[in-house]
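Participant: Any chance you could fold what I've pasted below:
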Amino acid sequence: MAAVSLWAMALLVLLPGLILQSDGARLSVPLAVQGVVLGHTGVALIRVLTATTVRLTALGFWVFAYVWLGLAPLAQLATDTYPWAYRTGQGTALTAVAVVELGLLAHSAGAAVAARRERARTAAGPAAPSPGPVERLLSRRLAPWRLLSLCGLALALAAVLIPSQPGGMSAYFTSREALREAGSADGSDNAFLSALRSWSLSVPAFWALLGLLHVPRVPGGDRLLRGVRRLLLPLLLALNVVVNNPVSKPRFWFGTVLLTLLFAVPRLSRPRAFRVIAATLMASVLLLFPYSDYFRYSDREQFTVVSLSAQFTANGDYDAFQQVQTGIDMARDRGFSPQDALGPVLFAVPRSVWPDKPGDTGITLAQYAGYDFLNLSAPLWIESYLWAGPPTVAAVFFLLGAAGRRMDDVRHRLRDRAGTLATFLVPAFAFYQIVFLRGSLLGIVGPLTLLVTVPLLVTTPGARAARLVPSAQPTAPTRPVQLPGTGGHP
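Facilitator: Okay, the predicted model is just below:
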């Protein structure tokens, strides 16, 4: 009860109070309704932070909703100041608040339906229905030799791609801008190929390291595997320092890598440790995130600390609510585009084959607003709204809420089974989900697909993995190998 009171005081009183005390704050109808959104996101986040079970997917969603669509719009509406130049009227602002709240309500409803089904399953005991597709997927287990093949692939890609990168390894410790420019210095102006090369290094290296730290024992093969692991572990640690460092990779991706590595450790996934890490995450998002793009550009500006309210109203990282408003105006002028929903689904189809392929929604919104700078966000709220209006917002977020709760419940049920996909994939999706929510979809669906596909290739179905265990030990749990200095758990 004390924890609930402290979080409520911080999230629902202290932080909003600091924002509303800023100079120029004035009351309006959209600002008053925004208080409902702030209360909804704050209460939901408090429930996650003080729950007796660890719900990582819910944490990722409500952290984004509270900061980017709760606090930031509160500051923007109170002062009528936004990161970008485009302005809308009070009617559009009120509609934007309503669209955001509609998505939040649908997400909460979907999570509630999934939670009720989980309670019914638990009450049924042995008579419970057979596992559904989500549980069968997350029950997949690491296959040691497949994992070692991934390690070899990650190192081979690094051996080929890093030396061929202009600037070599040193380019990965300059800035994202310098790395991008170096990638185009070889005469190729294909942004897709440059991004593919970057993610083809980062994602396999990340999963190879994570799997190597937690791969389960295989009876009769430990001696050889332990020797191979000892050889590969320092190589993969060094590779990840190069290709997944916060200097040359996006902040959201580096955060996903770090938090997934933390929450894959069983002791750090217990409720008490979870609350400590979650509290640290909240503090980092509010206090450190705005300054974590220091290495993004080669010409670095002077480091200046400003208030939260100033960050929310001037920093383009918090343009989500403004982009929702811009999209609502665009939909009013141009109508809805249901066919645009096919763009993220068929992202791999080249434009030479599909000339009318939908464009990046963030770029479309920037062009509509008349900006020269086109690298803007397009939150899932406005992406789904532009497809067919409020009904698609409600449907998309209901499904997202139900799927997220289902993933958290399955992970909780499988928490004592080492080497399952739930241990790794749920934390990875939970925190990369912030990028997914911020959008735009067409820009992140490729890395997200790679993030999900790679672990599927190095795991086998749970039933198949069970057959690898000798019949003499049918009930013995599979445990990760205790490697010297790796922090594995027996």
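Participant: for the protein, which residue is closest to the average position?
Facilitator: Tyr432 (1.5 Å; C-alpha atoms, centre = their mean).
Participant: What helices and strands are in contact with the helix or strand encompassing Tyr432?
Facilitator: Per DSSP states H and E, Tyr432 falls inside helix 421-438. Applying 3 or more C-beta pairs under 8 Å, 6 or more residues apart in numbering; DSSP states H and E, we find helix 421-438 packed against helix 56-66, helix 133-138, helix 191-214, helix 251-263, helix 390-413, helix 441-457. The way it works is simple: take the backbone N, C-alpha and C, and place the C-beta from them, glycine included.
Participant: what helices or strands is the fifth one leaning on?
Facilitator: On a contact count with 3+ C-beta pairs under 8 Å, 6+ apart, helix 390-413 meets helix 56-66, helix 90-124, helix 133-138, helix 380-388, helix 421-438.
Participant: what's the neighbour count on Arg229?
Facilitator: 23 (other C-beta atoms under 10 Å).
Participant: Could you export the helix holding Tyr432 as CSV, CA atoms only?
Facilitator: The C-alpha trace of helix 421-438 is given here as CSV (Å, rounded to 0.1, in the frame of the first residue of the first chain):
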residue,chain,number,x,y,z
LEU,A,421,11.6,-18.5,-25.9
ALA,A,422,9.4,-16.7,-23.4
THR,A,423,12.5,-15.9,-21.3
PHE,A,424,14.0,-13.9,-24.2
LEU,A,425,11.4,-12.9,-26.7
VAL,A,426,8.9,-11.4,-24.3
PRO,A,427,11.4,-8.9,-22.8
ALA,A,428,12.8,-8.1,-26.2
PHE,A,429,9.3,-7.3,-27.6
ALA,A,430,8.2,-5.6,-24.4
PHE,A,431,10.8,-2.8,-24.8
TYR,A,432,11.1,-2.7,-28.6
GLN,A,433,7.4,-2.2,-28.4
ILE,A,434,8.1,1.5,-27.5
VAL,A,435,9.5,1.9,-31.0
PHE,A,436,6.6,0.0,-32.4
LEU,A,437,4.1,2.4,-30.7
ARG,A,438,6.0,5.5,-31.6
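Participant: from here on, count from 753
Facilitator: From this message on, residue numbering opens at 753, which makes the last subject helix 1173-1190.
Participant: picking up where we left off before, including distance to Leu991 and mean neighbour count, could the helices and strands packed on helix 1173-1190 go into TSV?
Facilitator: TSV is the format used below for the helices and strands packed on helix 1173-1190 (distance: least, C-beta to C-beta, whole Å; neighbours: other C-beta atoms under 10 Å):
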stretch	distance to Leu991	mean neighbour count
helix 808-818	26	25
helix 885-890	27	16
helix 943-966	5	21
helix 1003-1015	12	20
helix 1142-1165	27	20
helix 1193-1209	15	18
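Participant: Least confident of those helices, on average?
Facilitator: The minimum mean pLDDT among the helices and strands packed on helix 1173-1190 belongs to helix 943-966 (a mean of 83).
Participant: how big is the angle separating that one from helix 1003-1015?
Facilitator: Angle of helix 943-966 versus helix 1003-1015, following axes from the mean of the first three to the mean of the last three C-alpha atoms, to 10 degrees, is 10 degrees.
Participant: how far is the helix or strand following helix 943-966 from where the chain is centred?
Facilitator: Following helix 943-966 in sequence order, the next helix or strand is helix 974-995 (DSSP H and E). Centroid displacement of helix 974-995 relative to its chain, using C-alpha atoms, centre = their mean, to the nearest Å, is 26 Å.
Participant: And helix 974-995, what's buried?
Facilitator: Leu977, Val980, Arg981, Leu984, Leu985, Leu987, Leu988, Leu991, Asn992, Val994, Val995 (16 or more other C-beta atoms under 10 Å).
Participant: And the residue nearest to the second one when sequence neighbours are not counted, how close does it get to Leu977?
Facilitator: Nearest in space to Val980, with sequence neighbours left out and distances taken as C-beta to C-beta, 6 or more residues apart in numbering, is Leu900 at 6.1 Å. In this structure, Leu900 lies at 8 Å from Leu977, with C-beta to C-beta, to the nearest Å as the measure.
Participant: Give me the phi and psi angles of Arg893.
Facilitator: Here is the backbone geometry of Arg893 (degrees, to the nearest 10): phi -120, psi 150.
Participant: give me every residue that touches it.
Facilitator: The contact partners of Arg893, by C-beta atoms under 8 Å, 6 or more residues apart in numbering, come to Pro968, Arg1169, Gly1171, Thr1172, Leu1173, Thr1211, Thr1212, Gly1214, Ala1217, Thr1230.
Participant: Just confirm Ala1031 contacts Val800, I think it does.
Facilitator: No - under the criterion of C-beta atoms under 8 Å, Ala1031 is not in contact with Val800, lying 11.7 Å apart.
Participant: the more surrounded of those two?
Facilitator: Shown here are Ala1031 and Val800; by other C-beta under 10 Å, Val800 has more neighbours (23 against 15).
Participant: Tabulate the buried residues of helix 974-995 in TSV, adding columns for pLDDT.
Facilitator: Output for these, formatted as TSV (pLDDT from 0 to 100):
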residue	pLDDT
Leu977	76
Val980	83
Arg981	83
Leu984	90
Leu985	91
Leu987	93
Leu988	93
Leu991	93
Asn992	93
Val994	90
Val995	89
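Participant: Ala1154: which of those is nearest?
Facilitator: Asn992 (33.6 Å; C-beta to C-beta).
Participant: so that closest one sits right up against Ala957, yeah?
Facilitator: Yes - the pair Asn992 / Ala957 is scored as a contact, 5.3 Å apart, by C-beta under 8 Å.
Participant: picking that back up, how about the contacts of Arg893 in a markdown table, adding distance to Ala845 and pLDDT?
Facilitator: Converted to a markdown table, the contacts of Arg893 look like this (distance: C-beta to C-beta, whole Å; pLDDT from 0 to 100):
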| residue | distance to Ala845 | pLDDT |
| --- | --- | --- |
| Pro968 | 53 | 70 |
| Arg1169 | 48 | 83 |
| Gly1171 | 49 | 82 |
| Thr1172 | 45 | 88 |
| Leu1173 | 42 | 89 |
| Thr1211 | 46 | 91 |
| Thr1212 | 51 | 89 |
| Gly1214 | 49 | 71 |
| Ala1217 | 53 | 39 |
| Thr1230 | 54 | 45 |
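Participant: closest to Leu779 among these?
Facilitator: Distances from Leu779 to the contacts of Arg893, taken by C-beta to C-beta, are shortest for Leu1173, at 49.4 Å.
Participant: what about the closest one, distance to Pro956?
Facilitator: In terms of C-beta to C-beta, Leu1173 sits 16 Å off from Pro956.
Participant: Arg1190 now?
Facilitator: 24 Å.
Participant: next one: Tyr1137
Facilitator: In terms of C-beta to C-beta, Tyr1137 sits 35 Å off from Pro956.
Participant: One more: Leu1039?
Facilitator: In terms of C-beta to C-beta, Leu1039 sits 33 Å off from Pro956.
Participant: surely Thr847 meets Asp1081?
Facilitator: No - taking C-beta under 8 Å as the definition, Thr847 is not a contact partner of Asp1081, at 9.4 Å.
Participant: Would you tell me which of the helices and strands packed on helix 1142-1165 gets closest to Pro1018?
Facilitator: Using C-beta to C-beta as the criterion, the shortest distance between Pro1018 and those is 8.1 Å, found for helix 1173-1190.
Participant: just the angle between that closest one and helix 1142-1165, please?
Facilitator: Using the same axes, to 10 degrees: helix 1173-1190 against helix 1142-1165 is 150 degrees.
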